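Q: return atomic coordinates for the entry below.
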Amino acid sequence: MTISALWLLLPAALLVLVGVWGWRNAGELAASLPLDERTQQKRRRVYLRGSVTCVVVAVAFVGLVIASFL
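A: As a prediction, this is how the structure comes out:
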């Protein structure tokens with residue numbers, strides 16, 4: 001069981017990387033589309049929510065790994 005639980009750390013690390021990258025680049029990603037300013041701001045907020053979601057899911061994976069060892 002412990003070996004399979006440790007495999008959850010790989011997607012957790014990838015989710016953290018994607019989340020941090022998305023948080024840092026949300027503005028540039030939204031600005032790269034030919035949209036009006038209001039739509040770009042909405043798109044930026046969506047990118048920020050997605051990056052926070054990635055980090056939260058990564059924390060959940062780490063919590064599952066810790067719980068599997070208890």
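
Q: per-residue pLDDT, the nearest residue to Val18 once chain neighbours are set aside?
A: Nearest residue to Val18, sequence neighbours excluded (Cβ to Cβ, 6 or more residues apart in numbering): Cys54, at 5.0 Å. (Glycine included, C-beta is placed from N, CA and C.) At Cys54, the model reports a pLDDT of 96.

Q: what's the burial count for Cys54?
A: Burial measure for Cys54: 21 neighbouring residues, criterion other Cβ atoms under 10 Å.

Q: contact partners for it?
A: The neighbours of Cys54, taking Cβ atoms under 8 Å, 6 or more residues apart in numbering as the test, are Leu15, Val16, Val18, Gly19, Gly22.

Q: likewise for Gly22?
A: By Cβ under 8 Å, 6+ apart, the contact set of Gly22 is Leu29, Tyr47, Leu48, Gly50, Ser51, Cys54.

Q: would you mind pulling the contact partners of stretch 23-37?
A: Taking Cβ under 8 Å, 6+ apart as the rule, stretch 23-37 contacts Gly22, Gln40, Gln41, Arg43, Arg44, Tyr47, Leu48, Ser51, Val52.
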